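1. Using only what follows, build the 3D model:
(chains A and B)
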Amino acid sequence: MRVSNLFFATQREVPADAEIPSHKLMLRAGLIRKMSSGIYAYMPMGFKVYKNVERVIREEMDRAGAQELIMPALLPAEAYQASGRWEKFGPEMFRMSDRGGRPFCLGPTHEEPFTEAVRDTFRSYKNLPVTLYQIQHKYRDEKRPRFGVIRSREFVMKDAYSFDVDEAGLDKSYKIMYDAYRRIFDRLGLDYTVVDADSGAMGGSGSQEFMVKSPIGEDAICFCDACGYAANEEKASCKEGEADTSVELPIEKIKTPDAKTIEELVAFLNTTPDKFVKTILYNIDGKIVAAMVRGDRDINETKLGNIYDATEMDLASFEDVERITGAKVGFAGPVGLKEKIEVVMDSEVALLKNFIVGACETDYHFKNVNVGRDFTPDVVKDIKNVKSGDLCPKCGKPLGMARGVEVGHIFKLGTKYSDSLGCVYLDKEGKEHSMVMGCYGIGVSRTIAAIIEQYNDEDGIKWPAIAAPYKVIVIPTKTNDEEVMGLAEKLYNAYIDAGYETLIDDRNERPGVKFKDADLLGIPLRVTVGRRAAEGIVELKYRMDGAVEEADFDAALAAAGKIK
RNA sequence: CGAGGUGUAGCGCAGUUGGUAGCGUACGUGCUUUGGGAGCAUGGGGUCGCAGGUUCGAAUCCUGUCACCUCGACCA
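-> Got it, this is the predicted structure:
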């Protein structure tokens, strides 16, 4: 491709609304164009990268035996109504109706149509297992789109679905996808971690996320260097301490004026946060629930929500808190609640003795409170967030925390969708069973951003060769010099003949302009034809490590095979 | 959902007490330049987010509305 014909424009100035390196660089390099908040167009240069990433995914999915098809993005409501997700997705789903008033949505994820397709096509155990996939646009009306294509409302996702006769079959299909995912992200050059994850709105029995470690990541991940345990914060657990065996002291009401936060109480009572148990009221799908964790802990809303299979969950309103506790906000506790509500207590609290809680009376707390004697929780479960330094649930060594961008997520779904949509097969005895499903997603758009996050410098993007829009750029420094142009053209044609996607920057621009653009675009190999063109010598520069060398024609051609 | 901010040329921005819009960059043309975003000259490009209102006159003041961005979403 001749740069003089290329539909692109690089920008010197950073658009005002970009925050993170990948977003800034994608805009500056002209890879994408924003059409609306969280909605982007891919320009030719960006689309090349997109297709490269897509190609790697497709190759590995095909190699793993998955079959590609494509579902509509625009889907009728029925399937989602049958699975219950028409309601469950809530406002995240883009909804519309046709001229006759029939409800439709833009697919946020496609378990339902895939399940229906398999249901209507296969009826026998002999047909299974089967794994299908598509690479498709997905639509989610995100509360707050952010970070360019990392959290957008329209995005490209590879989603695959496996159908097996039983759990053992699912385990096999899942492992095949797991291995394929590792190959995909390895080939793309990403530094990633696989973590245990919450299966969230998808439901199911187990899942893992592929996380690219990055400070801009939206997920917190927890890991153990000693044994390799790694989990999303939503899911991570830790080893709990020993039970306190102190003697239970009599409960006592203490006046704590104006002390309603843990910090204020710690200062007021001259003690430490772990002597408290805080009680927080949540509104979970309209039902008020009290959640209790130790004072130095945070509640993990995912874990709490899972107990109630929550769709919508929020802190209870001030009015609800005041009515139920009979006190101003800040003095909630499990003892003396004015209304009977469910109390969920973190399992760690069960180990404590003689702790402090709000007294359900403004300006008062109870001290020496004990579980069983003073109150009885309805549920005792792990509902806390793990922190750095907590002990690994597997090996007991200290855990660390990091941030990550979720580029892939694999789930064991089980029969959730096959049950609700009637996706069954007949076994050897002619008996009906629900198929056992798995689903497997890769965010194509955000994978592109994740690559840039890992490979960039102050001059621009540094594409790994496999993702690069073009592998080589030939830059003649003088377009009016026949010797220079002759050699440049000859090299350009030789690269193309050898099968490398190549650019020749034949614009009548100063060399500096061309170098800046080549750096910003991140082309892995830059071949400058200039000063020593008459001798047949060119300069090679590798974008990834900045190495520079001189080479003759053959060496320059051979260099394209070495870029990574 | 709550709060704040911003909408003026492709991009980044200025525009004072209201008087009909400007700078940088990018773009066109000419000359000079040609190994890290050149110099000089010259030119084109804007219904000032949208709709009302006040006024002789509104980018500017008022009201409404839309879009975009950021932070927050209560740890009692």
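
2. Now residue A:9: closest residue in space that isn't a chain neighbour?
-> Spatially, and ignoring its direct neighbours in sequence, residue A:9 is nearest to residue A:30 (5.2 Å; C-beta to C-beta, 6 or more residues apart in numbering). Backbone N, C-alpha and C define where each C-beta goes, glycine included.

3. Might one say that that neighbour is in contact with residue A:45?
-> Yes: Residue A:30 is in contact with residue A:45 according to C-beta atoms under 8 Å; the separation is 6.0 Å.

4. now could you export just the CA positions of stretch A:89-106 as PDB?
-> Presented in PDB, the C-alpha positions along stretch A:89-106 are these (Å, rounded to 0.1, in the frame of the first residue of the first chain):
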ATOM      1  CA  PHE A  89     -30.400  -7.900  32.000                       C
ATOM      2  CA  GLY A  90     -32.400  -4.800  33.000                       C
ATOM      3  CA  PRO A  91     -31.400  -1.500  31.500                       C
ATOM      4  CA  GLU A  92     -28.200  -2.800  30.200                       C
ATOM      5  CA  MET A  93     -30.000  -4.300  27.200                       C
ATOM      6  CA  PHE A  94     -30.700  -2.100  24.200                       C
ATOM      7  CA  ARG A  95     -34.400  -2.700  23.500                       C
ATOM      8  CA  MET A  96     -36.700  -1.600  20.700                       C
ATOM      9  CA  SER A  97     -39.800  -2.600  19.000                       C
ATOM     10  CA  ASP A  98     -40.700  -3.100  15.300                       C
ATOM     11  CA  ARG A  99     -43.500  -1.200  13.700                       C
ATOM     12  CA  GLY A 100     -46.000  -3.600  15.000                       C
ATOM     13  CA  GLY A 101     -44.900  -3.100  18.500                       C
ATOM     14  CA  ARG A 102     -43.100  -6.400  18.800                       C
ATOM     15  CA  PRO A 103     -40.200  -6.300  21.300                       C
ATOM     16  CA  PHE A 104     -36.600  -6.800  20.100                       C
ATOM     17  CA  CYS A 105     -33.200  -6.300  21.500                       C
ATOM     18  CA  LEU A 106     -29.700  -6.000  20.300                       C
END
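
5. Touching both of residue A:30 and residue A:45, which residues are there?
-> Residues touching both residue A:30 and residue A:45 (C-beta atoms under 8 Å, 6 or more residues apart in numbering) are residue A:8.

6. between the two, which one's more packed in?
-> For residue A:30 versus residue A:45, neighbours defined as other C-beta atoms under 10 Å are more numerous around residue A:45 (24 against 20).

7. so what pLDDT did that one get?
-> On pLDDT, residue A:45 comes in at 95.

8. Next up, the contacts around the residue of the stretch 351-500 of chain A found nearest RNA strand B.
-> The stretch 351-500 of chain A approaches RNA strand B most closely through residue A:477 (4.0 Å), counting by C-beta to the nearest atom of the strand. Residues near residue A:477 by C-beta under 8 Å, 6+ apart: A:484, A:511, A:514, A:528, A:529, A:530, A:531.

9. got the phi/psi numbers for the second one?
-> Listed backbone geometry of residue A:511 is phi -60, psi -40, with angles given as degrees, to the nearest 10.

10. which stretches of the stretch 301-450 of chain A form strands?
-> All strands of the stretch 301-450 of chain A, identified by DSSP state E, counting those that start in this stretch, fall at A:313-315, A:342-346, A:355-358, A:364-369, A:379-381, A:400-414, A:424-426, A:432-434, A:436-443.

11. most tightly surrounded among those?
-> strand A:436-443 (a mean of 26; mean count of other C-beta atoms under 10 Å).

12. Could you export that strand as PDB, CA atoms only?
-> Provided in PDB are the C-alpha atoms of strand A:436-443 (Å, rounded to 0.1, in the frame of the first residue of the first chain):
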ATOM      1  CA  VAL A 436     -24.700 -29.600  29.500                       C
ATOM      2  CA  MET A 437     -23.300 -26.300  28.200                       C
ATOM      3  CA  GLY A 438     -20.300 -24.200  28.400                       C
ATOM      4  CA  CYS A 439     -19.700 -20.700  27.000                       C
ATOM      5  CA  TYR A 440     -16.500 -18.900  26.100                       C
ATOM      6  CA  GLY A 441     -16.000 -15.300  25.300                       C
ATOM      7  CA  ILE A 442     -13.200 -13.100  24.000                       C
ATOM      8  CA  GLY A 443     -13.500  -9.300  23.800                       C
END
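
13. Just list the residues touching the most centrally placed residue in chain A, thanks.
-> Among the residues of chain A, the one closest to the centroid is residue A:406, at 2.4 Å (C-alpha atoms, centre = their mean). Taking C-beta under 8 Å, 6+ apart, we find residue A:406 in contact with A:209, A:210, A:211, A:217, A:218, A:219, A:443, A:446.

14. for the nearest residue to the second one once chain neighbours are set aside, what are its contacts?
-> Nearest non-adjacent residue to residue A:210, counting by C-beta to C-beta, 6+ apart: residue A:408, 3.5 Å away. Applying C-beta under 8 Å, 6+ apart to residue A:408 gives the contacts A:181, A:184, A:185, A:209, A:210, A:440, A:441, A:442, A:443.

15. Neighbours of residue A:513, how many?
-> As a burial measure, residue A:513 scores 12 neighbours (other C-beta under 10 Å).

16. For the nearest residue to it once chain neighbours are set aside, what is the enclosing helix or strand?
-> Leaving aside its chain neighbours, residue A:513 sits nearest to residue A:507 (7.8 Å; criterion: C-beta to C-beta, 6+ apart). Using DSSP states H and E, residue A:507 maps to neither a helix nor a strand.

17. go on, residue A:557?
-> Using DSSP H and E, the element containing residue A:557 is helix A:553-559.

18. Is RNA strand B within reach of that helix?
-> No: using C-beta under 7 Å from any atom of the strand, helix A:553-559 stays clear of RNA strand B, coming no nearer than 12.2 Å.

19. tell me the mean pLDDT for that helix?
-> pLDDT averaged over helix A:553-559 gives 97.

20. again, but for stretch A:250-267
-> For stretch A:250-267, mean pLDDT is 82.

21. Extract the CA atoms of that stretch and return them as CSV.
-> Provided in CSV are the C-alpha atoms of stretch A:250-267 (Å, rounded to 0.1, in the frame of the first residue of the first chain):
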residue,chain,number,x,y,z
PRO,A,250,-21.9,-8.9,79.4
ILE,A,251,-23.3,-6.7,76.6
GLU,A,252,-23.1,-3.0,77.4
LYS,A,253,-24.6,0.0,75.8
ILE,A,254,-22.1,2.9,75.3
LYS,A,255,-22.7,6.5,74.3
THR,A,256,-20.9,7.4,71.1
PRO,A,257,-22.1,10.8,70.1
ASP,A,258,-21.4,11.9,66.5
ALA,A,259,-19.3,8.8,66.0
LYS,A,260,-20.9,7.0,63.1
THR,A,261,-18.0,5.9,60.9
ILE,A,262,-15.5,3.3,61.8
GLU,A,263,-12.7,5.9,61.8
GLU,A,264,-14.6,8.2,64.2
LEU,A,265,-15.4,5.3,66.5
VAL,A,266,-11.8,4.0,66.5
ALA,A,267,-10.6,7.4,67.5
